[in-house]
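> return a 3D structure for these sequence lines:
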Amino acid sequence: MNQVGFVGRLVRTPELRETENNKKMAWITVAVTRSFKNINGEYETDFIDCTLWDMVATNTVKHCKKGDIISVRGRLQSHVYEKDGEKHYVLEVIGERVTFISSVK
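Down below sits the predicted model:
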């Protein structure tokens, strides 16, 4: 099973883009605070990059802005690309469902 889910704040206002094949998409970054403190007694934050497609992308761009709290459900996807003769491995979250929880005024 390949499933991820998390709740956090949007780091920046999402923008809708179109691929060469006229598919709608958006990239978002969600700041997710860890549920435990580090050795210094502080909560750390992870910044999770997500790719959204089609209506998920369109609705997120339409209804969300920087600072909003959202829930993302999706899957992990990996791919490899080569640059300057060196292989690079990427693991990304494909957001399949975004729920709008709270909006910043």
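> rest of the way, CA atoms for contacts and neighbours
Fine.
> is Thr45 in a bridge, and if so with what?
For Thr45, the beta-bridge partners are Thr33 (DSSP bridges).
> tell me the centre residue of the chain?
Taking C-alpha atoms, centre = their mean, the centroid of the chain lies closest to Cys50, which sits 2.7 Å from it.
> beta partners for it?
Ile28, Val93.
> what segments of this structure are strands?
All strands of the chain, identified by DSSP state E, fall at 4-10, 17-18, 24-37, 43-53, 69-83, 86-102.
> gap between the residue of the chain most remote from its centre and Ala57?
In terms of distance from the mean C-alpha position of the chain, Gly85 ranks first, at 28.7 Å (C-alpha atoms, centre = their mean). For Gly85, the distance to Ala57 equals 33 Å [C-alpha to C-alpha, to the nearest Å].
> export the strands of the chain to JSON lines and tack on distance to Lys62 and mean pLDDT?
Formatted as JSON lines, those follow (distance: least, C-alpha to C-alpha, whole Å; pLDDT from 0 to 100):
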{"stretch": "strand 4-10", "distance to Lys62": "14", "mean pLDDT": "97"}
{"stretch": "strand 17-18", "distance to Lys62": "13", "mean pLDDT": "95"}
{"stretch": "strand 24-37", "distance to Lys62": "11", "mean pLDDT": "96"}
{"stretch": "strand 43-53", "distance to Lys62": "13", "mean pLDDT": "96"}
{"stretch": "strand 69-83", "distance to Lys62": "13", "mean pLDDT": "95"}
{"stretch": "strand 86-102", "distance to Lys62": "11", "mean pLDDT": "94"}
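> make JSON lines out of these and add distance to Val61.
Output for the strands of the chain, formatted as JSON lines (distance: least, C-alpha to C-alpha, whole Å):
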{"stretch": "strand 4-10", "distance to Val61": "11"}
{"stretch": "strand 17-18", "distance to Val61": "10"}
{"stretch": "strand 24-37", "distance to Val61": "8"}
{"stretch": "strand 43-53", "distance to Val61": "10"}
{"stretch": "strand 69-83", "distance to Val61": "12"}
{"stretch": "strand 86-102", "distance to Val61": "11"}
